[in-house]
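# build me a model:
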Amino acid sequence: MTHGSKSHRAHGSIGMSATPARVLPGGKHPGRMGNKMVKQRKLKVLEVDAEMKAIVVKGSVPGKAGALVRITPAKIVGKNI
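Residues are numbered from 1 along each chain as shown. I've put the predicted structure just below:
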């Protein structure tokens with residue numbers, strides 16, 4: 001992708017000709033990246049700071065810095081949390 005190429009995620013040839021005359025599944029094709037709701041389970045809440053309105057969580061939190069994060073209790077089958 002050097003020298004000013006415009007085809008970063010554009011496809012080249014995606015299938016054969018007469019045999020098998022179809023596109024094989026599992027290839028890397030252009031598409032939408034991100035923009036999905038992601039769950040991250042088993043994170044521990046270390047500290048709640050009411051003055052700064054902040055929660056300290058141990059573990060990786062998906063999303064970029066400054067994004068909104070929804071924190072809900074875990075729904076684990078067989079456990080009443």
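
# residue nearest the centroid of this structure?
Here the mean C-alpha position of the chain is nearest to the C-alpha of residue 34 (C-alpha atoms, centre = their mean), at a distance of 5.4 Å.

# got a list of what it touches?
For residue 34, the contact set (C-beta atoms under 8 Å, 6 or more residues apart in numbering) is empty. For every residue, glycine as well, the C-beta is placed using N, CA and C.

# and the pLDDT for it?
We have a pLDDT of 73 for residue 34.

# one more: residue 48?
pLDDT for residue 48: 95.

# mind checking the SS state of it?
strand (DSSP: H, G, I helix; E, B strand; the rest coil).

# how about it: what's its closest non-neighbour residue?
Closest residue to residue 48 apart from its sequence neighbours, by C-beta to C-beta, 6 or more residues apart in numbering: residue 55 at 5.4 Å.

# got the contact list for the one you found?
Neighbour list for residue 55: 45, 47-49, 71 [criterion: C-beta under 8 Å, 6+ apart].

# now residue 43: how far from residue 61?
Separation of residue 43 from residue 61 (C-beta to C-beta, to the nearest Å): 7 Å.

# ah, wrong one, I meant residue 23
Per C-beta to C-beta, residue 23 is found 37 Å from residue 61.

# output the below-cut-off pLDDT ranges for this structure.
1-11, 80-81 (pLDDT under 70).

# now do the strands in it.
Assigned by DSSP state E, the chain shows strands spanning 44-49, 54-58.

# can you say which of the ones you listed is packed in most?
Highest mean neighbour count of those: strand 54-58, a mean of 12 (counted as mean count of other C-beta atoms under 10 Å).

# centre of the chain to it, how far?
Centre-to-centre, strand 54-58 and its host chain are 21 Å apart (C-alpha atoms, centre = their mean, to the nearest Å).

# CA-only coordinates of that strand in PDB, if you can.
Provided in PDB are the C-alpha atoms of strand 54-58 (Å, rounded to 0.1, in the frame of the first residue of the first chain):
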ATOM      1  CA  ALA A  54     -15.100   7.800  38.200                       C
ATOM      2  CA  ILE A  55     -14.800   4.000  38.500                       C
ATOM      3  CA  VAL A  56     -11.500   2.200  38.500                       C
ATOM      4  CA  VAL A  57     -11.700  -1.200  36.700                       C
ATOM      5  CA  LYS A  58      -9.000  -3.900  36.600                       C
END
